[in-house]
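Engineer: need a structure here:
(2 chains)
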Amino acid sequence: EVQLVESGGDLVQPGGSLRLSCAASGFTFSSYWMHWVRQAPGKGLVWVSRIHSDGTSTNYADSVKGRFTISRDNAKNTLYLQMNSLRSEDTAVYYCARGGSTWKDYWGQGTLVTVSS
Amino acid sequence: QSALTQPRSVSGSPGQSVTISCTGTSSDVGGYNYVSWYQQHPGKAPKLMIYDVSKRPSGVPDRFSGSKSGNTASLTISGLQAEDEADYYCCSYAGSYTVVFGGGTDLTVL
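Structural biologist: Below is the predicted model of the structure:
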């Protein structure tokens, strides 16, 4: 059974940093693109970032480029999102998702990031 | 990276068909056959319903179908059932190695 479990969400002050993790199991992690997608409270889905199966290619939404870094450890079956210079508008549930370059077929349950003083 | 345009809400009675539109530009929806659709029930993670415009993952009922014409993609749900009531999001490749979602549509089954 495919499982994705996010962790690392927390309350952080504006300008602070946080690292999210996504532990994957039940599939060959190193064969899939992985994505981060976020959803602000009561709002819609917003794509944040993606990383190629071998980690050599990464892409970002303009809103997080230069502040967020996606990475993966295929030996540990884990996806990461390093978030720096956090802003109030980054407050959201962050989902990791398995997929192709654009589609996402399995999603975790999400981890809540709150940016507030 | 502007969000794709979806109607805020649609509704239909059980057994009827509904269509949700997703309008973009020639730089995203119209330029690539990489449109996907997601269903999200309240408090739950999204679920992939359609990918690559019209392909259905295994386990998704054939009541769900996708299509595209020009810059507009559509999700059609036929034989509407109570459990179809949810939010639906379209998503497209947007060029320059980025992906964009629509704003979401709230489907109500009357």
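
Engineer: So A:T56 versus chain B, what's the distance?
Structural biologist: For A:T56, the distance to chain B equals 13 Å [CB to the nearest CB, to the nearest Å]. Using the backbone N, CA and C atoms, a C-beta is placed for each residue, glycine as well.

Engineer: Show the contacting residues for residue 51.
Structural biologist: Since you didn't name a chain, this refers to chain A. In this structure, A:I51 makes contact with A:33-35, A:57-59, A:70-72, A:79, judged by CB atoms under 8 Å, 6 or more residues apart in numbering or on different chains.

Engineer: wait, chain B
Structural biologist: Per CB under 8 Å, 6+ apart, neighbours of B:Y51: A:100, A:102-103, A:105, B:36-37, B:57.

Engineer: Can you tell me which of the residues you listed lies closest to B:A86?
Structural biologist: B:A86 has its nearest neighbour among these in B:W37, at 11.3 Å by CB to CB.

Engineer: now that closest one: how far from chain A?
Structural biologist: Distance from B:W37 to chain A, by CB to the nearest CB: 10 Å.

Engineer: Just the element for that residue, please.
Structural biologist: In this assignment (DSSP states H and E), B:W37 forms part of strand B:35-40.

Engineer: Quick one: mean pLDDT over that strand.
Structural biologist: Mean pLDDT, taken over the full extent of strand B:35-40, equals 97.

Engineer: Pull the number of nearby residues for the closest residue to B:Q16 other than its chain neighbours.
Structural biologist: Nearest non-adjacent residue to B:Q16, counting by CB to CB, 6 or more residues apart in numbering or on different chains: B:L80, 5.1 Å away. Residues lying near B:L80 (other CB atoms under 10 Å in any protein chain shown) number 20.
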